[in-house]
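Undergrad: The following comprises the amino acid sequence and a computationally predicted model.
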Amino acid sequence: MAKITQHRFLQATKGKIIMGFFLASLALLMAWAVNKIALQKILTTVENISTPNDRLRMVNKLSHQIAGLDQVQKNKALKDPDNYSQFFKESKRLKLVVDTLKKLYAKDTVQFRRLVSIQKLLNVRDRQFIEYLKVREGLVNNKSYADEVAKLNEMVSTRFRGADSTILTTKTTTSTTTLEPEAEKSKGFLSRLFGKKKAEVYKIISEELQVKRDTVSGLSEDSIIRNMEVSLKAIAQEQQVKIQRFLKREIVLANANNVLTQQMLDILKKVEAEAVAQIGKNGQVAKELVNEGISQISAIILAFFLLTGILLYFILTDISKSNRYRAALEEAKEEAEYHGKAKQRFLSNMSHEIRTPLQSILGYAQIVSQQTNPSKKDLNAIYQSSSHLLQIANEILDYNRIISGEFSFTNQSFNIHQILTEVVAVMRPLAEEKSLRLVAAFDLDDLTYINGDPFRLKQILFNLLGNAVKFTLKGEIVLAVAYKQQGAQLHFNFSISDTGIGFAKTDVDRIFNEFEQVESPEKKTINPTGTGLGLSIVKSLVEQQGGRIVAKSEEGVGTVFNFFLTYSLSEQTTVDHLNLTTQPITDTGKVWIIDDDHLILELCELIFTQQHIAFQSFDKAEAVLNAAVDEEVKYVLIDMRLPDMSGLTLYHLLKKRIDRTVKFYAITAQVLPDERESILQDGFDGLIMKPFRAEELLSIFEKTKPVEIGLEIDWSTIEKMTFGDPQLFDKIVDRFKQDCLADMSLLKKAMQNNEVQNSRLIVHRLAGRLGQIGAKALAKDFRMMELKVAADSDSGQKEEINILLVRLDQLLSSIDEKIM
């Protein structure tokens, strides 16, 4: 249950929105955490970069101390030359720094060895510095030199103490000798920076005593002078040796300082390089941290936008679905309302369409029931009304088309005179019931066959004439038809006028709208239950055929409807098809009929008997299954709804017993397209839909190819005989029709009984009658048939006689159209 709830929660728009906010909060929290961690790492790196390098600092300090070590020690030596312990304090301090650096460079063997060598150099330098101090002390103090000079002075003063009078002048001269060390090679930048600025300069001071004596007494002193010169030379040589020794010590000490300084500079450069590399490394680490943080934040933001986009898509999809569902609900509501109105429109349409032919059927059936010999004219009116009613019933099945207001149209050749005559024949009884006169005014000249939809034309005329009859209390109704020809196009003007209650001119635009009715006291009395759909249907039928309809009316005077339709001229000037009930059938074989409706069985038996077709009827499925298999059976007609077994089951059982060449046809009232398709898919060869006409039943058989027949009658012969009297003309024509119908029936029976002479006599009688009425072409054909029958009684002549009978029947139908 929890999973279902969670699933529904995530599917709901509210759940997706909450999830979106949760993801946004999570993304912000993760971005904050990543920023915090990255900034902390960057701060640590910056601190590492900004913190001075201990090794670099100590090496720098050590280099400065080493550079100043010589100067410091020499200054202390000048101030306190006898205290050597002061000299080694700086050396010890430097050694401690070196020890510290050794710990820092414990893992760097190269630097560690350099530091060890620095310690050794410091020890060597200390020893050299002690030697240097000793040499310097001996040179500076010069005690031996002073002792020698004192001896000389004492010797001279002792020897020549008495000879002072001989001395003329005495002069003492002091000379200073400056000693500089050799110039060192050019130093590097760091050597010049951290080394001593200038080498020390040593000065040697010499004093000379010049005594001028009297030349007379000088000779006695030559030996003394020579001794003094020897002593002085010895002194000078000794002094020169000391100076050379001092200079060597000075050079050795300077070299030691240079080596030590160079070592320190190397270490310093290495440390500086390491520091610079570490700074670069730290900078690179900082960059990597920044880039990593940016990448992580970008990934979070990208993932957030991706998930947000997906959620947004689902949310928008839900919204779109909601909108579609809302629109679908609104559409369903509108469709329900529309279907409600459509049902009303459907029922009203059926009321308009069905009541008119039903009224004609009832009226003519009542008339025929009162006649001893029913008139073919009245029977034909019933037949035409029934046919129209059947066509309406077939159209009712296409409910979707009916409620949508869209109609299907055919384009076929039809006899305009025949259609108009049928409409007038159907509507006349309705008019006569209300004592109204129905006038037909057709201005069609010799026009007969046109191309169009005859059923829709009858539908329009029935609606308009039905309204005219309904809303007319007295007077007349006129159906006028005229046309103009432009090439092959025929522009028809149909006019229906009445003397009914009419309506106001302001209502002209409203009467063609659905459910719109003109309100008037007379209307409420005449048609209180009308729906206002008849004229809207008429307008739709006219406009969908490319026509137009207009109405003119005046209250209390009447109404005129004019509609205009365009048809085309048909190339067919003769009958294009034969009545299938009399069309010769070439090959039938035997027919089995299985139906529980005895009226259907009797109708089929009557039709097959007239056509000389062998048959056998069964009212139960069990009866046909128990019957012996007849090899002459070629057709099996099965009702699909038998009481004891379905027609489909019976079909499968019979299919196993009967030869494969036998054709099976389903007799059914299931005439919906899906139902018909399903029956055919089950294996039936065809359908016979209830109600069916005789020609539809016989259409399953192979028939002789129809021939074109001429129906021209020269009416001038009869007109001359009657001297233009219409009543006498109608009487003669009616008598001709009755005699022909009687002879046709007798001829069929004679052929069925193989009465050759009787058949020849009837053919002779028909040929003469046709020639007298003016049907010369057909009379000639009957005369030729009479001669054939007289010469040879071949059974094949029956088919030719049947064809002649078909032509005669068609001629009689054309005569009906003429006199009506």
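TA: Perfect, thanks for sending it.
Undergrad: Spell out the residue ranges of the helices in the stretch 301-450 of the chain.
TA: Secondary structure of the stretch 301-450 of the chain by DSSP state H, counting those that start in this stretch: the helices cover 376-396, 399-404, 416-433.
Undergrad: and what of the stretch 651-800 of the chain?
TA: 673-681, 694-698, 716-722, 726-752, 756-773, 776-791, 797-819.
Undergrad: just checking, what packs against the fourth one?
TA: When contacts are defined as 3 or more C-beta pairs under 8 Å, 6 or more residues apart in numbering; DSSP states H and E, helix 726-752 sits against helix 716-722, helix 756-773, helix 797-819. For every residue, glycine as well, the C-beta is placed using N, CA and C.
Undergrad: Output those in CSV, with distance to Phe112 appended to each entry.
TA: Output for the helices and strands packed on helix 726-752, formatted as CSV (distance: least, C-beta to C-beta, whole Å):
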stretch, distance to Phe112
helix 716-722, 151
helix 756-773, 147
helix 797-819, 135
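Undergrad: Now tabulate those helices in CSV and tack on mean pLDDT, mean neighbour count and distance to Gln616.
TA: Shown next, in CSV, are the helices and strands packed on helix 726-752 (pLDDT from 0 to 100; neighbours: other C-beta atoms under 10 Å; distance: least, C-beta to C-beta, whole Å):
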stretch, mean pLDDT, mean neighbour count, distance to Gln616
helix 716-722, 65, 13, 48
helix 756-773, 83, 19, 28
helix 797-819, 77, 18, 23
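Undergrad: and of those, who's closest to Gln738?
TA: Closest to Gln738 of those, according to C-beta to C-beta: helix 797-819, at 10.0 Å.
Undergrad: of the helices and strands packed on helix 726-752, which approaches Leu430 most closely?
TA: Proximity to Leu430 (C-beta to C-beta) singles out helix 797-819 among those, at 20.3 Å.
Undergrad: What helices and strands are in contact with that closest one?
TA: When contacts are defined as 3+ C-beta pairs under 8 Å, 6+ apart, helix 797-819 packs onto helix 376-396, helix 416-433, helix 726-752, helix 756-773, helix 776-791.
Undergrad: If we use 10 Å, what do you get?
TA: Other helices and strands packing on helix 797-819, by 3 or more C-beta pairs under 10 Å, 6 or more residues apart in numbering; DSSP states H and E, are helix 376-396, strand 412-415, helix 416-433, strand 585-587, helix 726-752, helix 756-773, helix 776-791.
Undergrad: Worst mean pLDDT among the ones you listed?
TA: Within the helices and strands packed on helix 797-819, the stretch with the lowest mean pLDDT is strand 585-587, showing a mean of 60.
Undergrad: hmm, back to that, may I see the helices of the stretch 651-800 of the chain organised as JSON lines, with distance to Glu422 added?
TA: Shown next, in JSON lines, are the helices of the stretch 651-800 of the chain (distance: least, C-beta to C-beta, whole Å):
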{"stretch": "helix 673-681", "distance to Glu422": "28"}
{"stretch": "helix 694-698", "distance to Glu422": "17"}
{"stretch": "helix 716-722", "distance to Glu422": "25"}
{"stretch": "helix 726-752", "distance to Glu422": "18"}
{"stretch": "helix 756-773", "distance to Glu422": "24"}
{"stretch": "helix 776-791", "distance to Glu422": "24"}
{"stretch": "helix 797-819", "distance to Glu422": "9"}
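Undergrad: mind checking which of these is nearest Asp498?
TA: Smallest distance to Asp498 across those (C-beta to C-beta): 25.3 Å, for helix 797-819.
Undergrad: Wasn't Glu571 part of a helix?
TA: No: assigned with DSSP: H, G, I helix; E, B strand; the rest coil, Glu571 falls outside any helix and is coil.
Undergrad: any idea how far it lies from Gln371?
TA: Separation of Glu571 from Gln371 (C-beta to C-beta, to the nearest Å) stands at 41 Å.
Undergrad: How about Leu302?
TA: Distance, Leu302 to Gln371, by C-beta to C-beta: 97 Å.
Undergrad: Same question for stretch 306-319: list its buried residues.
TA: For stretch 306-319, a neighbour-count test (16 or more other C-beta atoms under 10 Å) marks Leu307, Thr308, Leu311, Phe314, Ile315, Asp318 as buried.
Undergrad: do you know how far the second one is from Thr317?
TA: When C-beta to C-beta is the yardstick, Thr308 and Thr317 sit 14 Å from each other.
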